[in-house]
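Asks: Provided below are the primary sequence and the corresponding predicted coordinates.
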Protein chains: 2
Amino acid sequence: MKRSLSRETRMALEPRKQPRQERSSKVVDRILDAALTLTREQGTKTPTTLAIARRAGLSVGSLYQYFPNKEAILLDLARRWLSSFPEVIARRIEVTPPTNRDEFRQEVRKLFIDTSRIYLENATLMPVIEAISGNADLRPIQDEYDDQIIALYAAWLQHVNPTLDDKIASRLGVLMMDVGHACRLVGLKRDRKTYDLIEDDVERMWLALVTPYLNLD
Amino acid sequence: MKRSLSRETRMALEPRKQPRQERSSKVVDRILDAALTLTREQGTKTPTTLAIARRAGLSVGSLYQYFPNKEAILLDLARRWLSSFPEVIARRIEVTPPTNRDEFRQEVRKLFIDTSRIYLENATLMPVIEAISGNADLRPIQDEYDDQIIALYAAWLQHVNPTLDDKIASRLGVLMMDVGHACRLVGLKRDRKTYDLIEDDVERMWLALVTPYLNLD
DNA sequence: GACAAACGCGAATAATTAGTCGCATTCTTT
DNA sequence: AAAGAATGCGACTAATTATTCGCGTTTGTC
């Protein structure tokens, strides 16, 4: 009844309680740190509750003081990453749309640099993102964020070219996201110089992907 | 001792025995069918031995007559896919290299069409491929195949441009593989028409990716 | 049709792991 | 410093699941 309950309840993933004493907020940090480190160490496998507790110098029981279940811990780690993406793309839609090929190229580059920064700033938690993708319980949650991101990429495309068909915009949005994601995961596993080279590669690919669909002079 | 043994033994993944009576080779098919169907039904989660047995109308014990462990079943399904990839790319290296931009474009297109066919022909087992990627035990095996494929893409690039630097070739190889894979997984989940549109998108991206590195007139 | 080998079975075993609960310890407040 | 709240503990429970093993049945062979 332990396992399936949490699955059936379809997860309260919110933190169980706010820490009220100073020591305990440190404990929360220790738990998150431990979970992050272990996930990184084990490639992309999600660590067990026992392992997290041990690494954090705690007992299993303490984990459940602050998190309703194991998934919530990983999700807490990923949350900043997951939510910063939509923010950043949305911000790129607020500017005035480009009018010629050169301005357009600039807009792509800006979106590109902004999204790249998110990857660079969150490089250490990429293993967590990969672990989440590979976890049957967490995957659906990431998918929700992904749908949001795709919609925003599509919105960006229609911002740049208002006559662009919805279907096409959404198809290109998916590809922008997936191509960017796949290549950047590769890049972050290499050295910084290679990462930058890959960034150039991706930018060319993005441009090749979207240019035919933006009626420019 | 059940679980960890198989992990420690680092897996004999070969079929445990060849079926010697006619009935049993049908059983092997039933097992593979059941595993495939269940993996497809459950998204990307690997089915349990019990579930596979039940679906195949067998008992768990019978599974182990022919497969040394659960992983071997999935791997057996994926094996044709995994091995046909290197074959196809290798075949594209045997032809005489292109000499001008147009011939080069043709070569990209041929490689492109050949790899695309592999995806189309194996569309039903994509969930298995995804499940394998998400499984900590199976992942390393897929990684070996991936390394092979990357090396072949790199070899293809150097076949097309013999002066191409090793490092660059291998970087582009990874990106060709990952971009192709990511986009085609998307495509196969859509209708055929969308798949074809995505193919065009990917072809543009591939061309944009590699063209700058091939000194053509 | 008799014999051995192959096959099929499924209850039992054992490993793993998520999550709980009552007791012990530490902190905060007055 | 005493009470009560918050925190920490870890043995225990319970669920899940891979794999085995001895026994009964079927099949191919002579």
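Replies: Perfect, thanks for sending it.

Asks: which residue is nearest the centroid of chain A?
Replies: Geometric centre of chain A, nearest residue: A:L82, 4.0 Å, by CA atoms, centre = their mean.

Asks: wait, doesn't that residue sit right on A:Y145?
Replies: Yes. Between A:L82 and A:Y145 a contact is recorded at 4.6 Å, counting by CB atoms under 8 Å. In short, each C-beta sits where N, CA and C put it, glycine included.

Asks: so where does the residue nearest to the centre of chain A fall, helix or strand?
Replies: helix A:70-93 (DSSP states H and E).

Asks: tell me which residues in that helix are buried?
Replies: Neighbour-count burial for helix A:70-93 flags A:70-78, A:81-82, A:85, A:89, A:92 (criterion: 16 or more other CB atoms under 10 Å in any protein chain shown).

Asks: contacting residues around the closest residue to A:N161 other than its chain neighbours?
Replies: Spatial nearest neighbour of A:N161, excluding adjacent residues (CB to CB, 6 or more residues apart in numbering or on different chains): A:L214 at 4.5 Å. The contact partners of A:L214, by CB atoms under 8 Å, 6 or more residues apart in numbering or on different chains, come to A:F104, A:L157, A:V160, A:N161, A:L164.

Asks: what's the distance between the last one and A:R109?
Replies: In this structure, A:L164 and A:R109 are separated by 19 Å, where distance is defined by CB to CB, to the nearest Å.

Asks: Neighbour count: those two, which is higher?
Replies: Taking other CB atoms under 10 Å in any protein chain shown, A:L164 and A:R109 do not tie; A:L164 has more neighbours (18 against 13).

Asks: Could you name the specific helix or strand carrying the closest residue to that one other than its chain neighbours?
Replies: Leaving aside its chain neighbours, A:L164 sits nearest to A:Q158 (5.1 Å; criterion: CB to CB, 6+ apart). A:Q158 is part of helix A:139-160, with elements assigned from DSSP H and E.

Asks: A:P162 now?
Replies: A:P162 belongs to no helix or strand, assigned by DSSP H and E.

Asks: A:A208: how many residues sit nearby?
Replies: Number of residues near A:A208 (other CB under 10 Å) recorded here: 19.

Asks: list the contacts for it?
Replies: B:R204, B:M205, B:L207, B:A208.

Asks: Take these and lay them out in CSV including distance to B:K193, secondary structure and pLDDT.
Replies: Formatted as CSV, the contacts of A:A208 follow (distance: CB to CB, whole Å; DSSP: H, G, I helix; E, B strand; the rest coil; pLDDT from 0 to 100):
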residue, distance to B:K193, secondary structure, pLDDT
B:R204, 18, helix, 97
B:M205, 19, helix, 98
B:L207, 22, helix, 96
B:A208, 23, helix, 96
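
Asks: rewinding a little: ok, then the element right after the helix holding A:Q158?
Replies: By DSSP H and E, the next helix or strand past helix A:139-160 is helix A:166-189.

Asks: And the residue of chain A that's closest to DNA strand D?
Replies: Using CB to the nearest atom of the strand, the single residue of chain A nearest to DNA strand D is A:G61, 1.9 Å away.

Asks: Okay, and that residue sits in which element?
Replies: A:G61 is part of helix A:60-66 when elements are defined by DSSP H and E.

Asks: Point out the other helices and strands that that helix packs with.
Replies: Where contact means 3 or more CB pairs under 8 Å, 6 or more residues apart in numbering or on different chains; DSSP states H and E, helix A:60-66 is packed against helix A:22-41, helix A:49-55.

Asks: possible to save those as CSV with mean neighbour count and mean pLDDT?
Replies: Formatted as CSV, those follow (neighbours: other CB atoms under 10 Å in any protein chain shown; pLDDT from 0 to 100):
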stretch, mean neighbour count, mean pLDDT
helix A:22-41, 17, 87
helix A:49-55, 18, 97
